[in-house]
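1. A predicted structure for the sequence below; I have some questions about it.
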There are 2 protein chains.
Amino acid sequence: MKTTLKKRETMHMLCLKGLELFHNKGFYNTSLDDILNELSLSKGAFYHHFKSKEDFFINIVQNLVVQKVYALLVEPLHTQDNPLHVIVDSLERALEPSKGNEMAYGFMLNDFLTEFNKRNKEIHRYLKDILNVWEVNLISVLKKGKLDGHIARHVDCEGVATYIISSYLGMRSLLMDNSNEGQLKYQYIQQLKQYCKVLSEQESLA
Amino acid sequence: MKTTLKKRETMHMLCLKGLELFHNKGFYNTSLDDILNELSLSKGAFYHHFKSKEDFFINIVQNLVVQKVYALLVEPLHTQDNPLHVIVDSLERALEPSKGNEMAYGFMLNDFLTEFNKRNKEIHRYLKDILNVWEVNLISVLKKGKLDGHIARHVDCEGVATYIISSYLGMRSLLMDNSNEGQLKYQYIQQLKQYCKVLSEQESLA
DNA sequence: ATCAAAACCGACCAAGAGGTCGGTTTAATG
DNA sequence: CATTAAACCGACCTCTTGGTCGGTTTTGAT
């Protein structure tokens, strides 16, 4: 029993620190020793728990990344409110520097997607699947909004979801260096709201 | 004289092949030997012309990437037409699989930006500067459109530029695996047009 | 033809990284 | 206290890669 706890504890420490460094420096630019040194652990410990560096990362994705994406981008969608407001709010919150000293979890998806795209198709698929979950939920919320009369009937919900996701992912590239961070976010949210006007019922005179 | 020509020729071959492979596999995932083998050249030849792998890439950016971005995204903007149409058209064309067998040059900016962000600040800056040129031109064209009565007075041109750029960059992450390529592009352009409606003079009742 | 400089070759080096493995420590159990 | 398995250590291996350098070939001017 205690054994299992210790195992989980060590694995958890490794995953947390791993995500932190992978997020800061990139997966392939972070060596195992980088992680191990910071935790005062050894290669032996690492390979006792994970069978490879990539297996390690898959573990991180399934245990940490998925949860963060759900908490930040999926769950906030399911409110009994106007979907357009809900979406804007969730994105605004996801772009926050994050409460406390957490890192900006919402951002890392794009980085990792790009990094693994040309390197590891399996991991890339895991990440893509997470994106898909978000997309599916976006679409479903949008469609519900159509029924509830918040969204104009002419709107292509799938297209809107694609557009929202792409703009959100693209913000990552723009926010990478921290210059103008605040301004960029403000501009993004403002324009997102403008875009939403075209989708709302009131403006549908097209 | 001929000497200079031979030098330029070899350098040009290296740059072309380098960009091709860096674009396909990523900079850090492509070894010099990968490039050299395909051209039947040696390490000696390479280091005779370039002082390092990263110097090589900077050369590529300045000679090839800049040109492509200009040709695809900047120059098309400067037409005496409605800026909104011009922008949509240029993006639509930039998302084309590219005429002939060229690679999709329009896309690589986002990949390279992400890759170098956490690795090489100098190169990252070069790439960011290219983005800035695009942004500046976008803004100037938008502002001109405001004067010409194509764009509503309430529009924040800087914000619009940011939003357009971020959505364009984000498309890269979505288009990375080739599934649904056509559909994604179609959705993107359609929604971009919807967004433009809010910006145009006619719809400005806000 | 000569010769010097440019262009090029390719064996070699050093550093870093992922991964291995035999041995040691820790800790729960009887 | 003894036992045993899990947890952990760290030296070592192997492979890759950017970069070096002494030597060779090409080339163009005289």
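-> Arrived safely.

2. for the rest of this, base every contact and every neighbour count on C-alpha atoms.
-> Will do.

3. run the chain-centre distance for the longest helix anywhere in chain A.
-> Scanning chain A for the longest helix, with DSSP state H as the assignment, gives helix A:121-147. With CA atoms, centre = their mean, to the nearest Å as the basis, helix A:121-147 stands 11 Å off its chain's centre.

4. next one: stretch A:10-25
-> 16 Å.

5. mind listing what's buried along that stretch?
-> By 16 or more other CA atoms under 10 Å in any protein chain shown, the buried positions in stretch A:10-25 come out as A:10-12, A:14-23.

6. got it, and stretch A:188-203?
-> Buried-residue list, stretch A:188-203, by 16+ other CA under 10 Å: A:188-201, A:203.

7. farthest-apart pair in the residues you listed, please.
-> By the measure CA to CA, A:Tyr188 and A:Glu201 form the most distant pair in the buried residues of stretch A:188-203, at 22.2 Å.

8. JSON lines for the buried residues of stretch A:10-25, including distance to A:Asp111, pLDDT and secondary structure?
-> Putting the buried residues of stretch A:10-25 into JSON lines (distance: CA to CA, whole Å; pLDDT from 0 to 100; DSSP: H, G, I helix; E, B strand; the rest coil) gives the following:
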{"residue": "A:Thr10", "distance to A:Asp111": "26", "pLDDT": "96", "secondary structure": "helix"}
{"residue": "A:Met11", "distance to A:Asp111": "24", "pLDDT": "97", "secondary structure": "helix"}
{"residue": "A:His12", "distance to A:Asp111": "22", "pLDDT": "97", "secondary structure": "helix"}
{"residue": "A:Leu14", "distance to A:Asp111": "20", "pLDDT": "98", "secondary structure": "helix"}
{"residue": "A:Cys15", "distance to A:Asp111": "18", "pLDDT": "98", "secondary structure": "helix"}
{"residue": "A:Leu16", "distance to A:Asp111": "17", "pLDDT": "97", "secondary structure": "helix"}
{"residue": "A:Lys17", "distance to A:Asp111": "17", "pLDDT": "98", "secondary structure": "helix"}
{"residue": "A:Gly18", "distance to A:Asp111": "15", "pLDDT": "98", "secondary structure": "helix"}
{"residue": "A:Leu19", "distance to A:Asp111": "12", "pLDDT": "97", "secondary structure": "helix"}
{"residue": "A:Glu20", "distance to A:Asp111": "13", "pLDDT": "96", "secondary structure": "helix"}
{"residue": "A:Leu21", "distance to A:Asp111": "13", "pLDDT": "97", "secondary structure": "helix"}
{"residue": "A:Phe22", "distance to A:Asp111": "10", "pLDDT": "97", "secondary structure": "helix"}
{"residue": "A:His23", "distance to A:Asp111": "8", "pLDDT": "94", "secondary structure": "helix"}
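
9. just those that are near DNA strand D?
-> By CA under 7 Å from any atom of the strand, the members of those lying near DNA strand D are A:Thr10.

10. any chance of the buried residues of stretch A:10-25 in JSON lines, plus distance to DNA strand C?
-> JSON lines is the format used below for those (distance: CA to the nearest atom of the strand, whole Å):
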{"residue": "A:Thr10", "distance to DNA strand C": "12"}
{"residue": "A:Met11", "distance to DNA strand C": "15"}
{"residue": "A:His12", "distance to DNA strand C": "17"}
{"residue": "A:Leu14", "distance to DNA strand C": "14"}
{"residue": "A:Cys15", "distance to DNA strand C": "14"}
{"residue": "A:Leu16", "distance to DNA strand C": "16"}
{"residue": "A:Lys17", "distance to DNA strand C": "14"}
{"residue": "A:Gly18", "distance to DNA strand C": "11"}
{"residue": "A:Leu19", "distance to DNA strand C": "13"}
{"residue": "A:Glu20", "distance to DNA strand C": "15"}
{"residue": "A:Leu21", "distance to DNA strand C": "12"}
{"residue": "A:Phe22", "distance to DNA strand C": "10"}
{"residue": "A:His23", "distance to DNA strand C": "14"}
